[in-house]
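J.: fold the following.
(one chain, ligands or ions: 1)
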Amino acid sequence: MIAILLFLATTALASSQDDAAIAAMHATHVKSAGARVVVWAPPAWPAEKRAGVTASLDRAVAQAETALGKKHEAPIEYYISDSDDLPSHVYGGYAHAAGDPPVVFLSGLDSGEAPHLHETVHLVGGEFGSLLLREGIATYVQFVVQPGKMRPLVKLEATDLESLDKAAARILGKPQTREQALGWLARPAKSVTFTSRPERGMFYAVSASFTAHLVKELGMSAFMEAYGSENPVAAIERRSGKPWRQWTDEWLKKIGA
Ligand SMILES: [Zn+2]
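T.: Numbering: from 1, shown residues only. As a prediction, this is how the structure comes out:
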């Protein structure tokens, strides 16, 4: 049952569910506009808190743009939930497509966690060809800009890039999880189904550590070019002249796995 709920909540967030959530919050929530964002906040929030969060979301858009070297023209709309029933995600979840509205759902903002930069990177990043690189770059940027503010799901005792590599090495070091992680790396797919929360956490840690390696070696602009292509593996191989297997082998060696 838990696995099914998790699947519904994180993997198959149908656009129609998101449309319903937006309509519901239009009726209950308080709207404020920042320079780059429109924020729908829970009605119980004092005006001060609303203003503070709106300013930090404006900052997140700028941070995501700077990190990725990419601009997002339209304002981004953030729908903020006080409950964990609606987990943080972009409109459409893992199936977000190029033509979808620039909408982000956020929860967990009162816990000291900061999912807003992660989700904003998804939106500014735009069209993607592989979920591995999509979650990888969003988690990587979050680690670089806001270390220590990860949700428990992806924390895995990692607070900076070095401990992130160690977390990935631990996953690769266990026979029972190594095979799965190597499968994700060998065949980066546009969509991946997770059956449990730890499995999803593993995917994020492995993705982010490997993406950090790609960004360091390729540079962000070449990485983002590949990111947006239909087949990022082929794009990276073309660009670097290095077979994909060599990319993953070199990363494994680097993290000591
Ligand atoms: Zn994500």
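
J.: next, count neighbours for the residue of the stretch 151-257 of the chain found nearest the ion.
T.: Nearest to the ion, among the residues of the stretch 151-257 of the chain, is residue 204, at 7.5 Å (Cβ to the ion). In short, each C-beta sits where N, CA and C put it, glycine included. When counting by other Cβ atoms under 10 Å, one arrives at 27 neighbours for residue 204.

J.: what does the stretch 101-250 of the chain put close to the ion?
T.: 135, 138 (Cβ under 5 Å from the ion).

J.: ok, now with 6 Å
T.: Counting by Cβ under 6 Å from the ion, the stretch 101-250 of the chain comes close to the ion at 118, 122, 135, 138.

J.: what's the spacing between the nearest residue to residue 57 once chain neighbours are set aside and residue 53?
T.: Spatial nearest neighbour of residue 57, excluding adjacent residues (Cβ to Cβ, 6 or more residues apart in numbering): residue 37 at 4.6 Å. From residue 37 over to residue 53 the distance is 10 Å, taken as Cβ to Cβ, to the nearest Å.

J.: of the two, give the one with the bigger neighbour count.
T.: Shown here are residue 37 and residue 53; by other Cβ under 10 Å, residue 37 has more neighbours (24 against 21).

J.: residue 241 versus the more buried one, what's the distance?
T.: 41 Å.

J.: repeat that for residue 43.
T.: From residue 43 to residue 241 the distance is 56 Å (Cβ to Cβ).

J.: in the helix or strand hosting residue 247, which residues are buried?
T.: Per DSSP states H and E, residue 247 falls inside helix 244-255. Buried residues in helix 244-255, defined by neighbour count with 16 or more other Cβ atoms under 10 Å: 244, 247-248, 251-252, 254-255.

J.: need phi/psi at the closest residue to residue 76 other than its chain neighbours.
T.: Leaving aside its sequence neighbours, residue 76 sits nearest to residue 102 (Cβ to Cβ, 6+ apart; 4.8 Å). Backbone torsions of residue 102, given as degrees, to the nearest 10, read phi -80, psi 80.

J.: residue 73 is in contact with residue 102, correct?
T.: No: look at residue 102 against residue 73 with Cβ atoms under 8 Å: they stay out of range, at 9.3 Å.

J.: quick one: the helices in this protein, in order.
T.: In the chain, the segments counted as helices under DSSP state H are 2-10, 15-28, 47-68, 115-125, 131-145, 152-155, 161-173, 175-186, 197-218, 220-227, 232-240, 244-255.

J.: residues in contact with residue 83?
T.: When contacts are counted by Cβ atoms under 8 Å, 6 or more residues apart in numbering, residue 83 touches residue 107.

J.: that one and residue 59: what is the separation?
T.: 25 Å.

J.: where does pLDDT dip in this structure?
T.: Low-confidence segments of the chain (pLDDT under 70): 1-13, 151-155.

J.: again, only using 80
T.: For the chain, the stretches with pLDDT under 80 are 1-14, 84, 110-114, 147-157, 159.

J.: what's the domain layout of it?
T.: 2-126, 132-255 (automatic domain parsing).

J.: looking at the residues of the stretch 101-250 of the chain next to the ion, which is nearest residue 188?
T.: Nearest to residue 188 among those is residue 135, at 10.7 Å by Cβ to Cβ.

J.: the nearest residue to that closest one once chain neighbours are set aside: how many residues sit nearby?
T.: Of all residues not flanking residue 135 in the chain, residue 207 sits nearest, at 4.7 Å (Cβ to Cβ, 6+ apart). Residue 207 sits with 28 neighbouring residues when counted by other Cβ under 10 Å.

J.: wait, residue 207 touches residue 142, no?
T.: No: Residue 207 lies out of contact with residue 142 (Cβ under 8 Å); the separation is 11.9 Å.
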